[in-house]
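> predicted structure and sequence below. I'll ask about it afterward.
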Amino acid sequence: TCRDWFQLSLKEGFTVFRDAEFSADMNSRTVKRIEDVAYLRTHQFAEDAGPMAHPVRPDSFIEISNFYTLTVYEKGSEVVRMVRTLLGAEGFRQGSDLYFERHDGQAVTTDDFIKAMEDANGVDLTQFKRWYSQAGTPRLEVSDAYDEAARTYSLTFRQSCPPTPDKAEKLPFVIPVELGLLDAQGNDLPLQLAGESSAVGSTRVLSVTEAEQTFVFQGIEARPLPSLLRGFSAPVKLSFPYDRDQLMFLMQHDSDGFNRWEAGQQLAVQVLQELIGQHQLGQALQLDPRLLKALDTVLGDTSLDAAMVAEMLSLPGEGYLTEISQVADVDAIHAAREFARRQIAEHLFEPLWTRYQANRAVSRNTAYVASAEHFARRSLQNIALSYLMQSGKQ
């Protein structure tokens, strides 16, 4: 058990993490991650940005019931997930085994948990423990540069964390950034950092530990497109200057399911905000065709997880669009989103009808089964039907 109340996230954060992993294994891993991140961003990020912001391991309390927060539970789970991302699945399992073996029957602390991870893997996680002691959501700004002559590609990360009631100045966190680099055809490039003798896979984790830090990849024949923070590898606010063509490309080709969805959401937000502006100015609404093209590609790719396709077809909700608006024009937001839905239904009627019919045919001839495959098929069938009803076609 926990030594004291300040260690509550030791068991609750770990429990939320284990529950998420079980659900991911039983259903769609990508969709589960999308759901968890959406909840974290909407609720825990708001807690971090408000007057009740506090560390995952608080220093004091007035009323113990105040400890049952999204930060302790949801952000605590993300901290455990980051440990696994940094150490790898095997290293995390070794650390967990040592932790349970070493402390079975004891009252323990988060320091004991981290110490087991360090000893099992021969690493130093001292700086990483700032995730337990510092409140707030870190911001990670990324810029890139390509040197054609040297065939090198650089990514520069700048991290910061806004002041919170507990502390104004924050020390740099350890931020695990899982990433890949895509070539012009959408393939993942082999990744070789400067100084390494050979490439180490096409997806890797960079540890950003300084306020500003640059990583240089060598052997890059042409400027790539970065796929950053794959799987949402750290609970941060990421900023990279993607344009709409790049977002469309990532939505169509990224090998990471979460980032395909993320690119689609960013593209949809930009397109919807443009429609909102057109409505406010009294202009005729015109939908950016790049969103239609990207969604058409997603619908036509039958190799994708059906549950993920259903998520990618779902436009950002009116509540979210209201939240990110400087001045919320409810009428314009509703008009823009409904117009976008009708345009998608009319322009993509055939692929939507094809996917609906294919899933409906299976449903008619298959008994109900509570399985991931059946959940995914019904989700895609229902989202396709919701669009088809918008088309007005019989």
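Sure, I can see it.
> please count neighbours and contacts with C-alpha atoms only from this point.
Fine.
> where does the stretch 251-394 of the chain dip in pLDDT?
Scanning the stretch 251-394 of the chain for pLDDT under 70 picks out the ranges 362-365, 367-369, 394.
> okay, helices next: where are they in it?
Assigned by DSSP state H, counting those that start in this stretch, the helices in the stretch 251-394 of the chain fall at 257-280, 289-300, 306-313, 318-323, 330-347, 349-365, 372-391.
> can you say which of those is nearest to Asp25?
helix 372-391 (9.4 Å; Cα to Cα).
> what does the closest one rub up against?
26-28, 305-310, 313-314, 341-342, 344-346, 349, 352-353, 355-357, 359-360, 363, 368 (Cα atoms under 8 Å, 6 or more residues apart in numbering).
> go on, stretch 226-242?
With Cα under 8 Å, 6+ apart as the criterion, stretch 226-242 contacts 30, 33, 37, 75, 78, 81-82, 85, 137-143, 175-182, 250, 254, 256-259.
> pick out the residue closest to the middle of the protein.
Nearest to the mean C-alpha position of the chain, by Cα atoms, centre = their mean, lies Phe232 at 3.4 Å.
> how far away is that residue from Met82?
Per Cα to Cα, to the nearest Å, Phe232 is found 10 Å from Met82.
> now Asp124
14 Å.
> please apply the same query to Ser255.
According to Cα to Cα, Ser255 and Met82 sit 21 Å apart.
> those two: which has the busier surroundings?
Met82 (22 against 18; other Cα atoms under 10 Å).
> phi, psi for Thr152 please.
Thr152 adopts backbone torsions of phi -120, psi 150, taken as degrees, to the nearest 10.
> pull out the buried members of the contacts of stretch 226-242.
30, 33, 37, 75, 78, 81-82, 85, 137-142, 175-182, 250, 254, 256-259 (16 or more other Cα atoms under 10 Å).
> nearest spatial neighbour of Leu182, skipping sequence neighbours?
Counting by Cα to Cα, 6 or more residues apart in numbering, Asp188 is the residue found nearest to Leu182 once chain neighbours are left out, at 4.7 Å.
> ok, the one you found - contacts?
Contacts of Asp188 by Cα under 8 Å, 6+ apart are 180-182, 202-203, 255.
> mind listing which of these are in strands?
180-182 (DSSP state E).
> could you give the number of residues near the nearest residue to Asn27 once chain neighbours are set aside?
Among residues not flanking Asn27 along the chain, Ala372 sits closest, at 4.4 Å (Cα to Cα, 6+ apart). Other residues near Ala372 come to 16 when the count uses other Cα under 10 Å.
> ends of stretch 165-181, how far apart?
Stretch 165-181 end-to-end distance (Cα to Cα) = 38 Å.
> state the distance from the nearest residue to Ile333 once chain neighbours are set aside to Val269.
Counting by Cα to Cα, 6+ apart, Ile333 lies nearest to Ile276, which is 5.8 Å off, once chain neighbours are set aside. According to Cα to Cα, Ile276 stands 10 Å off from Val269.
> try Ser28
Distance, Ser28 to Val269, using Cα to Cα: 24 Å.
> same check, this time on Gly105
50 Å.
> neighbour count: those two, which is higher?
Higher neighbour count among Gly105 and Val269: Val269, with 19 against 9, using other Cα under 10 Å.
> who's in contact with that one?
Applying Cα under 8 Å, 6+ apart to Val269 gives the contacts 316, 321.
> just Leu206 next, same as before
Counted by Cα under 8 Å, 6+ apart, Leu206 has contacts 176-179.
> from the structure, what's the count of residues near the nearest residue to Trp261 once chain neighbours are set aside?
Take Trp261 and drop its neighbours on the chain: the residue closest to it by Cα to Cα, 6+ apart is Met312, 5.4 Å away. As a burial measure, Met312 scores 26 neighbours (other Cα under 10 Å).
> repeat that for the one 4 residues further on.
Residues lying near Pro316 (other Cα under 10 Å) number 16.
> start at 16, not 1
In the new numbering, first residue 16, that becomes Pro331.
> roughly how far apart are it and Leu363?
18 Å.
> swap in Ala387?
26 Å.
> hang on, Ser111 packs against Lys130?
No: checked against Cα atoms under 8 Å, the pair Ser111 and Lys130 is beyond contact range at 10.5 Å.
> quick check: mean pLDDT across stretch 112-124?
The average pLDDT within stretch 112-124 is 94.
> buried stuff in that stretch?
Per 16+ other Cα under 10 Å, stretch 112-124 contains these buried residues: 113-114, 123-124.
> can those go into JSON lines with extra columns for distance to Ser340 and secondary structure?
What follows is the buried residues of stretch 112-124, written out as JSON lines (distance: Cα to Cα, whole Å; DSSP: H, G, I helix; E, B strand; the rest coil):
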{"residue": "Leu113", "distance to Ser340": "48", "secondary structure": "helix"}
{"residue": "Tyr114", "distance to Ser340": "46", "secondary structure": "helix"}
{"residue": "Val123", "distance to Ser340": "45", "secondary structure": "strand"}
{"residue": "Thr124", "distance to Ser340": "42", "secondary structure": "coil"}
